[in-house]
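Student: pasted the sequence and its predicted model underneath.
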Amino acid sequence: MVIAIEKMWQQERVLNPAFEECRICLETVFKNARDILHTPAGTPTEFEVRLGDVSTEFYEVRKNLFSTLFQSVYHLLKIEKERRLLYGKLNYLFRIWVTSADNLLDNEDKIVVPMEMNGSSRVMRQVISIMLADRILKKIIDDAVVNGVITEHDASALSNKSLQILLPSAAEEASEEGGITSRPDADYVLNTIHRLKTGLLFHIPFLGPDNIEKKISKQSLGLCKEGLMSFGLGCQILDDIRDISKDYLEKRHNYILSKIYSDEPICLAKLSEIENVIDGSSNIFDLFPEVVHPSADKAMRLLTDGLLLLSDAGLGVGKQMARVLALSMFNVLGVGELTQCLSA
């Protein structure tokens, strides 16, 4: 499936140039990171901090699936290249902010900014990454003003909105920090909670189009927004399938668990039986096929529908390619076995 993804990006008339622009944006972000992230002269060696090795892996298709999809939207909306590149750079900064915050909240260590620093402090690396992204944001926006890409008024709007756009998702995450006390209806989880938690993150690419672009087609914009929201919710269902044990133990919202709690008392009893022998990394979705398989079908529909909506906006991905990419997301998100259980 990874090969299928790469071939698709190389062949499709919109996705391929969008991916190449993502690589350019990454290079700019990391160049700025290298210029900014270093300690003052004279600092003892053991306390130095600098950008680490930016391996070729950062530039691979597999690492930039969502970024490429986001970047393709700017092509569909017929936004000029310099602004497309500006928005692509901002998208990677959002990736740093969101991933670093998730790392702090979930005790994880997904690397979006490679960093050389003594010790093994996972927390401080996330803090520095977030602060670094803020400095890069200012540099990128200032450069865009100097080069006539945007006005100072546009720059102020982008800077302020870059925080505001994240606040609803942040508030939802905050509501789960201490663990939830009850599990709401699955449809509420998907259509309200996950729209705030994940769906809004798939609308981050519209920061520029919504706030400073004046000539884009409202119809195309609507299709792109609806398409990315559908794709994002499909991904979130797959995340929920993968994270059943983690979200159960940590008392987090989860579409599958809400279905189990409301509709499947036998599955709930099974969860209680295995609670003491599983941990957050346990893969247990195959224990609940009566809930997981229909949910996988729903995820597949959301992913495919999202891509076809983007195709209506001009992406050029037909039904067969949309299915290939949707199936590939199962592997990317760690539930590839479920592709064998999907309805025809």
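Tutor: That came through fine. Not measured: the values here are computed from a predicted model.
Student: low-scoring stretches of the stretch 201-344 of the chain, by residue?
Tutor: 344 (pLDDT under 70).
Student: residue ranges of the strands in the stretch 51-200 of the chain, please?
Tutor: Secondary structure of the stretch 51-200 of the chain (DSSP state E, counting those that start in this stretch): strands located at 115-117.
Student: and for the residue nearest to P168 when sequence neighbours are not counted, the neighbour number?
Tutor: Once flanking residues are discounted, P168 sits nearest to L196: 5.1 Å by CB to CB, 6 or more residues apart in numbering. (C-beta placed from N, C-alpha, C; glycine too.) Close neighbours of L196, defined as other CB atoms under 10 Å, add up to 16.
Student: contacting residues for L196?
Tutor: P168, S169, A171, E172 (CB atoms under 8 Å, 6 or more residues apart in numbering).
Student: what is the neighbour count of the third one?
Tutor: So the one you mean is A171. 11.
Student: the second one too?
Tutor: Using other CB under 10 Å, the number of residues around S169 comes to 20.
Student: quick one: it and F202 touch, right?
Tutor: No: contact criterion CB atoms under 8 Å: S169 and F202 do not qualify, at 10.5 Å.
Student: can you give me the domain boundaries for the chain?
Tutor: 1-164, 189-336 (automatic domain parsing).
Student: who wins for proximity to E176 among those?
Tutor: domain 189-336 (5.3 Å; CB to CB).
Student: what's the span of that closest one, first residue to last?
Tutor: End-to-end distance for domain 189-336: 23 Å, by CA to CA, to the nearest Å.
Student: circling back: save the contacts of L196 as TSV, and put in pLDDT and distance to I216 too.
Tutor: Shown next, in TSV, are the contacts of L196 (pLDDT from 0 to 100; distance: CB to CB, whole Å):
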residue	pLDDT	distance to I216
P168	91	23
S169	90	24
A171	91	29
E172	90	28
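Student: ok, these vs L93, which is closest?
Tutor: Nearest to L93 out of the contacts of L196 is S169 (CB to CB; 15.4 Å).
Student: now that closest one: closest residue in space that isn't a chain neighbour?
Tutor: Nearest one to S169, counting by CB to CB, 6+ apart, is L200 at 4.9 Å.
Student: give the contact list for that neighbour.
Tutor: I165, P168, S169.
Student: cool, and F288?
Tutor: Counting by CB under 8 Å, 6+ apart, F288 makes contact with I244, I256, I260, E264, C267, K270.
Student: repeat for M300
Tutor: Listed by CB under 8 Å, 6+ apart, the contact set of M300 reads G234, A326, L327, L342.
Student: confirm the first one sits in a helix?
Tutor: Yep, that's G234 we're talking about. Yes: according to DSSP: H, G, I helix; E, B strand; the rest coil, G234 belongs to a helix.
Student: if we can go back for a sec, let's see which of the contacts of L196 end up in helices.
Tutor: In helices, judged by DSSP state H, the following of the contacts of L196 are found: P168, S169, A171, E172.
Student: what about the third one, distance to T192?
Tutor: By that I understand A171. 13 Å (CB to CB, to the nearest Å).
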